[in-house]
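[1] This is a predicted model, with the sequence first.
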Amino acid sequence: MSSEGLTARTVTVRQCAILVGGRATRLGALATATPKPLLPCGDRPFLAWLLRELCRWGVEEVMLLAGPRAAEMEASARTILPTLPRRLALAVATEPEGAGTAGALFHARDRLDERFLLLNGDSLLDGNLAALLADAARDDPATTAGRLALATVADTTRSGVVRCEDDRITAFDERPAAPGRPGDIHAGIAVLHRALVAELPAAGSLERDVLPRLAAAGALRATRVPGWFIDIGVPEDLACARAELPRRLHRPALFLDRDGVVNQDLGYVGSRERFRWTDGAREAIRAATDSLWHVFVVTNQSGIARGLYDDADVTALHEWLADEVRRAGGTIDDVRYCPHHPEAVRAAYRRACDCRKPAPGMLRALLAVWEVDASAAVMIGDQPTDLAAAAAAGMRGIRFDGGSLYDAVLAVVRRKHSAFAEHQDTHPQTDVRTITGL
């Protein structure tokens, strides 16, 4: 494949396979009645947190690679899906008992996309995965079978160390005998090519039987993803996840108007051909993502009501926009647009809508489905209607009058973290999301 073709490949990965068939022997009685991914963490199963995070990165389909308890996993997953902020399609692939992680993929081989995410169903990395997606989009499948996310941990005794030369994985070291050795570990997240299936046994372990062989052949790459990593495979880490996940994953949120903020306002922008980034827009979204904020776009699109373009055009533009942001190292978690106008040419769109700014409908909807406290949210817009919508939704609004959007966003996230750091001096257990007065 040419370098031009590699550069043009879509960054967003549509399908994610999740390994949920493990036996959880180290958890003992804790997982006897309940499969490990379904163990409660706060007010929901661990799997619900994992699926909620996947919604941020553009995944559209989840395939559970399940063992003997596949029916129970599927039933529980179907109760989780309606609670998620974005729609995910669900598929379930079963494998014979004892097939292992390699066997689970082998038995799902005919249902895998050409490129897919693979996640462990019992671990989570709270970090910016955009770099992994962007790096993987540049990999040549002719020479690279997959790319793994690496997390740096203080103690590698439970996971072993991944050794690299630059970004190429050279070996997987055995777990050290003595605790306290830091290093890079496989975070249970990978972008894989379906050609990998040729390397899979019908039964066996990816970690022991497949990945080391691929590394020795020079066919695996890695991206280090800074962040907080948790694996709920032992009781003490399950207890940690139960305390930490609700606190960490209810994030602050940055709301961005589109025309005039993310892109230049050229008047009714409904296609890629008329889209022009504002200065620092992609860098701004990456900075917010790196700071573990949600990023939402909320935009009035009366060009639909006026007959200048249609919903499909706007949807296609926003899909491209989200993919380009991930290529640049950030993510747009969700987008809302209002197509209505009281004086619409198209009768179907002719109405006063509570989602059209200055009304706060779009903002309130996102606050609700993503479970964001309005006091931990900021709206940046270029019009008085944007600020009015923010005020009506109970969040702070900031007027953007041009210049660098990166500078404007950096000031917001730095101020938030500064307030958090000062508060931690006297309230060490307080989460960043409890700090108000942005």
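    Now that the structure is in, tell me what you want to look at. Residues are numbered from 1 along each chain as shown.
[2] Return the set of buried residues in whichever helix or strand residue 321 is part of.
    Residue 321 is part of helix 311-327, with elements assigned from DSSP states H and E. Residues of helix 311-327 classed as buried by neighbour count (16 or more other CB atoms under 10 Å): 313-314, 317-318, 321-327. Every residue, glycine included, has its C-beta placed from N, CA and C.
[3] Ok, stretch 205-213 next?
    Neighbour-count burial for stretch 205-213 flags 206-207, 209-212 (criterion: 16+ other CB under 10 Å).
[4] Equivalent analysis for stretch 137-146, please.
    Applying 16+ other CB under 10 Å to stretch 137-146 flags 137, 139, 141, 144-146 as buried.
[5] could you redo the buried residues of stretch 205-213 as JSON lines and give each row pLDDT, distance to residue 256 and secondary structure?
    Putting these into JSON lines (pLDDT from 0 to 100; distance: CB to CB, whole Å; DSSP: H, G, I helix; E, B strand; the rest coil) gives the following:
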{"residue": "206", "pLDDT": "93", "distance to residue 256": "39", "secondary structure": "helix"}
{"residue": "207", "pLDDT": "91", "distance to residue 256": "40", "secondary structure": "helix"}
{"residue": "209", "pLDDT": "92", "distance to residue 256": "46", "secondary structure": "helix"}
{"residue": "210", "pLDDT": "94", "distance to residue 256": "42", "secondary structure": "helix"}
{"residue": "211", "pLDDT": "95", "distance to residue 256": "39", "secondary structure": "helix"}
{"residue": "212", "pLDDT": "94", "distance to residue 256": "44", "secondary structure": "helix"}
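[6] Now the two most distant members of those.
    Pairwise distances among the buried residues of stretch 205-213 were taken by CB to CB; the largest, 9.7 Å, belongs to 206 and 212.
[7] and the closest residue to residue 67 other than its chain neighbours, what does it touch?
    Residue nearest to residue 67 in three dimensions, not counting chain neighbours: residue 21, with 3.0 Å by CB to CB, 6 or more residues apart in numbering. Under the criterion of CB atoms under 8 Å, 6 or more residues apart in numbering, the contact partners of residue 21 comprise 65-70, 95, 99, 104.
[8] Tell me how far residue 21 lies from residue 407.
    Counting by CB to CB, to the nearest Å, the gap from residue 21 to residue 407 is 48 Å.
[9] thinking again about what came up before, looking at the buried residues of stretch 205-213, which is nearest residue 309?
    Out of the buried residues of stretch 205-213, the member with the shortest distance to residue 309 (by CB to CB) is residue 206, at 45.6 Å.
[10] could you check the distance from the residue nearest to that closest one when sequence neighbours are not counted over to residue 121?
    Distance criterion CB to CB, 6+ apart; nearest residue to residue 206, sequence neighbours excluded, is residue 101 at 4.3 Å. For residue 101, the distance to residue 121 under the criterion CB to CB works out to 11 Å.
[11] shared neighbours of the two, anything?
    residue 19.
[12] For stretch 181-198, give the mean pLDDT please.
    Within the predicted structure, the mean pLDDT of stretch 181-198 is 92.
[13] do stretch 262-280 as well
    Mean predicted confidence for stretch 262-280 is 97.
[14] I'd like to know how far the residue nearest to residue 206 sits from residue 191.
    Here the criterion is CB to CB. By it, residue 101 lies 16 Å from residue 191.
[15] Not counting sequence-adjacent ones, nearest residue to residue 95?
    Residue 95 sits nearest to residue 107 (CB to CB, 6+ apart), 4.1 Å away.
[16] No further queries at this time; thank you.
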